[in-house]
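In: Predicted structure and sequence below. I'll ask about it afterward.
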Amino acid sequence: MSFDKVAFIRGMPKAELHLHIEGTLEPEMMMDLAKRNQVQLPYENVDEVRKAYQFGSLQDFLDLYYAGMSVLKTERDFFDLTYAYLTRMHQENTRHVEIFFDPQGHTERGIAFDTVLDGISAALEKAQKEFGITSRVIMCFLRHLSEDSAFETLNHACRCKSRIFGIGLDSSEKGNPPSKFSRVYRAAREEGFAPVAHAGEEGPSSYVCEALDDLKVLRIDHGNRALEDPALVKRIAQEKIPLTVCPLSNKRLQVCPDLTQHPLRKMLDAELIVTINSDDPSYFGGYLTDNFLAIADALALDRKALETLGRNAFVASFLSDRDKQKALDEFNAFTSRF
Ligand code: ADE
Ligand code: ZN
């Protein structure tokens, strides 16, 4: 019997490691929250919101992404946002999620850090109880803001160590190299936070080198442009640094407009630990399963490649060794049954 790729992808136990919770804000919820919180939006209805999602670059998207955040005000809003994502992930057989949040996107407009984290954490706890989904929270620094602002944000995280596992770096990459945050990352590592960073999405491969050398990251988010430097690819393979790749994001942000040209194939051939993720699913037209389906189709991925990608997500996760093994056992049981 021929291999049913779609059934395999849908049924596979999954993990997502690159997901901005603010990027799961669906237009319907944006309109509802705008009403609930009396926020004026430049859109009359859901169709107008969707129509605005045409991006020529990362910055085009970020402008809308930060504008969209303005409807998120109360702990309940952050709870509803996170719980909606987790419900969706449960329906997609996702077993583990590592969620980014952008506190400065909220504190800069007067929302308290604790309001944001309390809402997200409550939803994660509920989803663990109800669905058995495990999670880690990764707090991102906005790289277009100053080092001082990042340090201030790190101070908040230090009060909440039991709920924040790692730190990340996102927002406008060009002109904001990882080295701008070397001192913040050193302090964060000393406080015990696991470091990751977006690098090589729009920025050059040298930013990926900086993320490794200056920030000492354990994973690279995106990393597409690392492939422009063969020595760097070799290093990433040797040091077993995972890459969290986001196909539909790359397509919609014009990082890779044609997915048949996506560097994932080269990453797999170079034996990099690459994973599939959705980044900002509401803005980019698809959640985790959609990303798997889109890239599997564009690159004609076979069963072996899909198994590798699925397994890598657990291997590259921040689960404890014991929980990682449990998740991998479950994954292997699925593949031998299928
Ligand atoms: N913030 C949310 N999504 C992002 C992305 N893809 N790159 C950089 N910053 C982001
Ligand atoms: Zn991202």
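Out: Sure, I can see it. Please read these numbers as outputs of a predicted model, since none were measured by experiment. Numbering: from 1, shown residues only. Ligands and ions are numbered 1, 2, ... in the order given.
In: Around Val6, how many other residues sit close by?
Out: Val6 has 12 neighbouring residues, counting by other Cβ atoms under 10 Å. Every C-beta, even on glycine, is put in place using the N, C-alpha and C of the backbone.
In: so it, which of the three states?
Out: With DSSP: H, G, I helix; E, B strand; the rest coil as the basis, Val6 sits in helix.
In: Averaged pLDDT, the longest helix seen in the chain. What do you get?
Out: Secondary structure assigned by DSSP state H gives helix 113-131 as the longest helix of the chain. For helix 113-131, mean pLDDT rounds to 98.
In: likewise stretch 35-53?
Out: 95.
In: elements contacting whatever helix or strand comes next after the longest helix of the chain?
Out: Next in sequence after helix 113-131, counting helices and strands by DSSP states H and E, comes strand 134-142. Strand 134-142 is packed against strand 94-101, helix 104-107, helix 113-131, helix 147-159, strand 166-170, with contacts defined by 3 or more Cβ pairs under 8 Å, 6 or more residues apart in numbering; DSSP states H and E.
In: List, one by one, the residues from the stretch 1-150 of the chain near ligand 1.
Out: Residues of the stretch 1-150 of the chain lying close to ligand 1 by Cβ under 6 Å from any ligand atom are 20, 23, 58, 65.
In: Redo these as CSV? Include secondary structure.
Out: Shown next, in CSV, are these (three-state DSSP):
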residue, secondary structure
His20, strand
Gly23, helix
Leu58, helix
Tyr65, helix
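In: In the stretch 151-300 of the chain, which residue sits nearest ligand 1?
Out: Relative to ligand 1, the nearest point of the stretch 151-300 of the chain is Asp170 (3.4 Å; Cβ to the nearest ligand atom).
In: State the pLDDT value of that residue.
Out: pLDDT, Asp170: 98.
In: which ones are touching it?
Out: Contacts for Asp170 were tallied using Cβ atoms under 8 Å, 6 or more residues apart in numbering; they are 20, 100, 102, 140-143, 198, 221.
In: ok, what's across the strand from it?
Out: Leu142 (DSSP bridges).
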